[in-house]
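*Asks:* Predicted structure and sequence below. I'll ask about it afterward.
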Amino acid sequence: MASKIETAEFEELVKANMKRAYFSALVILGSHDEAAEASQLAFVKAFRSFHKFDKSKKFFTWYYKILKNLCLNMIRDNKKNVSLEFLDTQVYENGEMDLVEKNELKHNLQIALFKLNAVDRGVLILKEFEKYSYKEISEIMEIPIGTVMSRLFYARKKLAELMKDLI
């Protein structure tokens, strides 16, 4: 059983890493609900093993291994195609597109996004779908703003190439 000090310390780590944990899970799972569930379950597992955590190391690195394994188990257990629910929230402004065209475009975008590596997919999701600023993405991913901009540039190029092949 964890002491009150360990519990308080863990609570602070959870508060500091909740957002990043959620978006890490979203990148892997592609679903808001599943990402929220996975990040919470991973925190529970991490709390149960917190006594094993080497405090000289970065917490998120240790926690991410737990989260990633949990997400991969969820995908395996669900045995279904991963869907990108965040695409459902996007509004298509072009009134000329009919429902079939919108659905086909959405489907092709899902395919293309999941052909990208997790980092490229993650930076695109955070910027284009979740509308985070470069600074916020930098903080979530713990990388410099210049790196965010560079990754976003190349991820957009890769996505455009993939979409061109699908259309």
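*Replies:* Done, it's in. Numbers count the residues shown, from 1 in each chain.

*Asks:* Could you break this protein into its assigned domains?
*Replies:* Residue ranges for the domains of the chain, per automatic domain parsing: 4-78, 85-166.

*Asks:* List the buried residues in the lowest-mean-pLDDT helix or strand in the chain.
*Replies:* Lowest on mean pLDDT, DSSP states H and E among the helices and strands of the chain sits helix 99-115, with a mean of 77. Under the neighbour-count criterion of 16 or more other C-beta atoms under 10 Å, helix 99-115 has 105, 109-110, 112-113 buried. Every residue, glycine included, has its C-beta placed from N, CA and C.

*Asks:* what does stretch 47-57 give?
*Replies:* 47, 50, 53.

*Asks:* Rounded mean pLDDT for that stretch, please.
*Replies:* On average, the pLDDT along stretch 47-57 is 91.

*Asks:* Between its first and last residues, how far does it reach?
*Replies:* Start and end residues of stretch 47-57 are separated by 16 Å (C-alpha to C-alpha, to the nearest Å).

*Asks:* got it, and stretch 113-131?
*Replies:* Using C-alpha to C-alpha, the two ends of stretch 113-131 sit 17 Å apart.

*Asks:* That stretch: how far from the chain's middle?
*Replies:* Remark: stretch 113-131 is offset 8 Å from the chain centroid, using C-alpha atoms, centre = their mean, to the nearest Å.

*Asks:* for this structure, what's the longest helix?
*Replies:* For the chain, the helix with the greatest residue count under DSSP state H is helix 4-29.

*Asks:* Against which helices or strands is it packed?
*Replies:* helix 32-48, helix 59-78, helix 118-124, helix 134-141 (3 or more C-beta pairs under 8 Å, 6 or more residues apart in numbering; DSSP states H and E).

*Asks:* The longest one: which residues count as buried?
*Replies:* Judged by neighbour count using 16+ other C-beta under 10 Å, the buried positions of helix 59-78 are 59-60, 62-64, 66-68, 70-71, 74-75.
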